[in-house]
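Asker: below is the sequence, then the predicted model.
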Amino acid sequence: MLGAEPLTFLLEASDTEHASRATATGELLEATVHDLVVAAKRVLAAVRIEPNPSARAEAELKQARALLAAVGAALEARPEGLRVAEDGTWFETQAGRVDVQRRGAVRRILVALAIRRVAAPSRSLGVDELFEIGWPGERIPYESQVRRVYTAIWTLRTLGLEASLRTRDDGYLLDPKHPVALAA
């Protein structure tokens, strides 16, 4: 089997529909890793069936090993903690990058929390401050302001910041124990 055909057919994405559903919010990595796992299982099964692959298949297996080693090195090199774009359009954790570009208030609140975390790690931002940052100049009843801030914080938590966001009596902050960096 392996002697007759190159391994490239085994490394093609096995679930293109899954990959096409991926979005820029971190699902692309998940879909790609899923495809890699499926392809790796297919390669392993083929190697077990054909113990003596052709020279071309051997060369492609060697290339696949090198690529997998590079993936491992890239995963180990991923920074610990949280990285936030200076303009708030994305943030990145060990789980991957999340795009918040189209979420204006959430984006502005995220940047404010990250800047506060870098400048004064143990100081929080209160609900009033976060509302003014998220919805500058807007005047609505206080209960509505609080709900909007709670919803924005909940959104950040559900997007992947559950472990990083802290709630205190005086407001919200990014955990001082977790590294945070602003990125260009």
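Answerer: Yes, it's here.
Asker: what's next to stretch 133-150, contact-wise?
Answerer: Stretch 133-150 is contacted by residues 104-106, 108-109, 112, 125, 127-128, 130-131, 152 when judged by Cβ atoms under 8 Å, 6 or more residues apart in numbering. Any C-beta I mention is one placed from the backbone N, CA and C, and that applies to glycine too.
Asker: restricted to helices, list these.
Answerer: Among these, the ones falling in helices (DSSP state H) are 104-106, 108-109, 112, 127-128, 130-131, 152.
Asker: columns distance to residue 97 on top of the residues you listed, output as CSV?
Answerer: As requested, those are arranged in CSV below (distance: Cβ to Cβ, whole Å):
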residue, distance to residue 97
104, 19
105, 20
106, 15
108, 19
109, 18
112, 20
127, 28
128, 31
130, 23
131, 27
152, 19
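Asker: for the chain, give me the ranges with low pLDDT.
Answerer: Scanning the chain with the threshold set as pLDDT under 70 gives 1-30, 73-80.
Asker: where along it do the strands fall?
Answerer: Using DSSP state E, the strands of the chain run over residues 82-85, 90-93, 96-99, 165-168, 171-174, 180-183.
Asker: make a markdown table out of those and add distance to residue 69.
Answerer: Shown next, in a markdown table, are the strands of the chain (distance: least, Cβ to Cβ, whole Å):
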| stretch | distance to residue 69 |
| --- | --- |
| strand 82-85 | 25 |
| strand 90-93 | 23 |
| strand 96-99 | 20 |
| strand 165-168 | 35 |
| strand 171-174 | 34 |
| strand 180-183 | 26 |
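Asker: from the contacts of stretch 133-150, which is closest to residue 31?
Answerer: residue 106 (23.7 Å; Cβ to Cβ).
Asker: what about residue 184, neighbour count?
Answerer: Number of residues near residue 184 (other Cβ atoms under 10 Å) recorded here: 5.
Asker: quick one: contacts for the closest residue to it other than its chain neighbours?
Answerer: Leaving aside its chain neighbours, residue 184 sits nearest to residue 86 (5.9 Å; criterion: Cβ to Cβ, 6 or more residues apart in numbering). Taking Cβ under 8 Å, 6+ apart, we find residue 86 in contact with 111, 182-184.
Asker: and the residues you listed, which of them are buried?
Answerer: Listed as buried from the contacts of residue 86 are 111, 182; burial here means 16 or more other Cβ atoms under 10 Å.
Asker: thinking again about what came up before, which phi and psi values does the residue nearest to residue 184 adopt?
Answerer: Main-chain torsions, residue 86, degrees, to the nearest 10: phi -60, psi -30.
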